[in-house]
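>>> Mind folding the following:
(2 chains)
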Amino acid sequence: MSKLAAATPSPLRAVWLKWRFHINVLLLLVPLGFMPKYFADAALFRGDSGIGERVAGEVQVGPWSLTLAEFRNEGPRPDPAGPMKFFNAALCAACADQVKATYLRIGKPRSLRAAGVIFFGTPYRMGALLPVPERTPANAELWVTMEGWDGTMHQGSISLSQASPATIAWLNKQGVKP
Amino acid sequence: MSKKSRSKLWFLVHGWLALPIWFFVLIVCVTGTLAVVSQEIVWLANPEIRASKPSDDAEPLSYDQVISAIKRAEPQVIVQSIVRPDESHFALSVDLSYPDGRSVEVYVNPYTGAIQGISPAFDFKQFTRALHGWWLVPFSNGFSWGWYLVSALGLPLLASLITGLVVYKRFWKGFLRPTLRVRHGARIFWGDFHRLSGIWSIWFIAVISITGTWFLIQAILGDNQISISSEPIVPVIARENVPMSAPGVPAPMIALDDAIEIASQRIPGLETSFVFLPLNAYSHLQIGGRGWYPLMYQTAQINPYTGEVAVSHLLSNRSTLEFVTESMRPLHTGDFGGLWIKLIWAFFGLVLSMMVLSGLLIWTKRTALSTLHALKRSHKAPRPAASIPAMQAETSEGNR
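Below is the predicted model:
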């Protein structure tokens, strides 16, 4: 205001002086803009919009099966332990009581001890955080291992390109690191 | 620098701290106030969240009884967690997994076990907290930038408190002689209001700004993978420790109430107000609650097949630093001592919101006046000593 007295202000400057402290009202556009995303995420977390943003399909695992879904339809997210991709799954209605544990891994596991990451959650909705190395080949297979309460083990697979096209796009973008 | 010009400077700093972002600060204060009592607001609006007693002598059900009642009503659902709210007029908050893939919070009557309602898709409590806490900016990689934006306000708030006390000469006299002049025009009224509410809110502004700044530090630590937690990493239950059973027959787990009983015997003083059921066949059952120090929780991870306490995280395990840092969130939210503390926090939150508004009103009214004076003078004389009137108007406040 001190400068205001020094010279008769131009109209533009007068507008600036009048409104400069109120420009921050525009910060309200941030939550307004993110609101649709906020509610879409809330529905995703509750499961109102299904077990994930994109259902990849059924994976037959011996006598059992599960529905595999990408929690988010996107490539792996960075993590201190390397890039991670979150998958969700639901067991088939008949196998919910049969399956003790379900595991997920890129490439075929040699044994139950190396079956990959374990799914957490209920048979209706469970999730696993899968490490995706940047060198993963684009034709890789995603292997699901299921363990019965008596220790029996079954395996099944789905191509990574079918399970998550976004991950394939991400791998192609990474290229081969030196 | 002379004493007078130094107080002028402090005064300008005090004004400039919040003025350019006054609306943002105001909305953060208002949403924070709402967030403190959000659970109570939902309680008023939605009868399903109330814990009504079927009869005067009704006793709350045990955790196992609650699960049985839910299973009777909905045989297909799977109970994931049960939380007993601190205030007994709230229904139990139970997370249920439905066969259609939904995983939702439901309100369960603590005396009858009846599912009174499913939490609505629009969760007022979560929404106000998200708006206040991170301005709805999503967390995609580490902390959201909205979190940084809001928590960074802790610093100007703390600086406002300090500069406010510096420019308010002998502010302690305001406690003895409270002044709120209502008949001297808006400018005087809002000035008195700002000072009066300011001195009575010193403790609250200090608490909110320091804990708010902690949220900023927490994000910086978190995004740089720096941990100060003494919480043990819980290994999964070893393969050989999960019993084998017949095909299609899940290995039998001990009763939840027995597990709580065993843990309470092993860990004296462990109160259970929440239980998280195992997340898979190799995961532990987690129970926990507040200990003697109401601002922190104690937890125990229990093997659901044997009842053995695998890991516990108690008050006695915490470092002194953790006592400070873990107290920050409850101190910020006022959630550590029931309804009355929340109401006190909400009241002072409202006062703080009003301080933002009154500060703005003072500044704009004074600026408008001094601009008017300055303009008048510039019409009379071509080159007045322009900065003097405005500054005098400002420092008259400080020297009052």
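>>> Can you name the residues that contact the spatially most central residue of chain B?
Centroid check for chain B by CA atoms, centre = their mean gives residue B:333 as the closest residue, at 2.9 Å. Residue B:333 makes contact with B:35-36, B:345, according to CB atoms under 8 Å, 6 or more residues apart in numbering or on different chains. (Each C-beta comes from the backbone N, C-alpha and C, glycine too.)
>>> mind listing which of these are in helices?
B:35-36, B:345 (DSSP state H).
>>> ok, now which ones touch residue B:118?
Contacts of residue B:118 (CB under 8 Å, 6+ apart): B:104-107.
>>> got the residue ranges for the strands in the chain?
Just so you know, I chose chain A. Taking DSSP state E, the strands of chain A run over residues A:54-61, A:64-70, A:84-91, A:99-106, A:117-118, A:120-122, A:125-131, A:141-148, A:153-159.
>>> think we crossed wires, I meant chain B
With DSSP E as the criterion, chain B has strands spanning B:78-83, B:92-97, B:103-108, B:115-118, B:274-276, B:285-290, B:297-302, B:309-313.
>>> between the ones you listed, which gets nearest to residue A:70?
Proximity to residue A:70 (CB to CB) singles out strand B:103-108 among those, at 17.0 Å.
>>> Mind listing what's buried along that closest one?
B:103-108 (16 or more other CB atoms under 10 Å in any protein chain shown).
>>> hmm, back to that, let me know the closest of the ones in helices among the contacts of residue B:333 to chain A.
residue B:35 (13.8 Å; CB to the nearest CB).
>>> Grab the most central residue of chain A for me.
Closest-to-mean residue, chain A, CA atoms, centre = their mean: residue A:72 / 3.6 Å.
>>> so it touches residue A:52, yeah?
Yes. With contact defined as CB atoms under 8 Å, residue A:72 reaches residue A:52; the gap is 7.4 Å.
>>> Now the common contact residues for the two.
Counting by CB under 8 Å, 6+ apart, the common neighbours of residue A:72 and residue A:52 are residue A:44.
>>> Distance-wise, check residue B:215 relative to residue B:292.
26 Å (CB to CB, to the nearest Å).
>>> With residue B:35 instead?
Computed as CB to CB, the residue B:35 to residue B:292 distance reads 27 Å.
>>> more crowded one of these two?
Each of residue B:35 and residue B:292 has its neighbours counted (other CB atoms under 10 Å in any protein chain shown); residue B:35 has more, 27 against 9.
>>> domain ranges for chain A?
A:8-49, A:54-174 (automatic domain parsing).
>>> so how far is the first one off the chain centroid?
This points to domain A:8-49. 27 Å (CA atoms, centre = their mean, to the nearest Å).
>>> What mean pLDDT does it get?
What domain A:8-49 shows for mean pLDDT is 91.
>>> do the same with stretch A:83-90
On average, the pLDDT along stretch A:83-90 is 97.
>>> Could you do stretch A:102-111 as well?
Taken as a whole, stretch A:102-111 has a mean pLDDT of 94.
>>> First-to-last residue distance for it?
Taking CA to CA, to the nearest Å, stretch A:102-111 runs 13 Å from one end to the other.
>>> contacting residues around residue 82?
Since no chain was named, I'll use chain A. Counting by CB under 8 Å, 6+ apart, residue A:82 touches A:131-133.
>>> try chain B instead
B:63, B:66-67, B:92-94, B:108, B:274-275.
>>> Could you do residue B:188 as well?
residue B:181.
>>> mind checking how far it is from residue B:171?
18 Å.
>>> Could you do residue A:79 as well?
Distance from residue A:79 to residue B:171, by CB to CB: 50 Å.
>>> now stretch B:28-46: how far from the chain's centre is it?
11 Å.
>>> next one: stretch B:35-52
Distance, centroid of stretch B:35-52 to centroid of chain: 17 Å (CA atoms, centre = their mean).
>>> contacting residues around it?
By CB under 8 Å, 6+ apart, stretch B:35-52 touches B:34, B:85, B:88-92, B:107, B:109-111, B:116-117, B:120, B:124-125, B:128-129, B:132-133, B:333-335, B:339, B:342-343, B:345-346, B:349.
>>> go with 6 Å
B:89-91, B:107, B:110, B:116-117, B:124-125, B:128-129, B:132, B:334, B:342, B:345-346, B:349 (CB atoms under 6 Å, 6 or more residues apart in numbering or on different chains).
>>> and if you look at stretch A:163-174?
A:56, A:70, A:73-75, A:85, A:134, A:136, A:138, A:142, A:161.
>>> Closest one of those residues to chain B?
Among the contacts of stretch A:163-174, and counting by CB to the nearest CB, the member closest to chain B is residue A:74, at 9.2 Å.
>>> Could you tell me the backbone phi and psi angles at that closest one?
Residue A:74 has phi and psi values of phi -160, psi 170 when expressed as degrees, to the nearest 10.
>>> Retrieve the pLDDT associated with it.
96.
>>> Just the buried positions in the top helix by length along chain A, please.
Longest helix in chain A, counting residues (DSSP H): helix A:29-46. Buried residues in helix A:29-46, counted by 16+ other CB under 10 Å: A:30-31, A:34, A:38, A:41-42, A:44, A:46.
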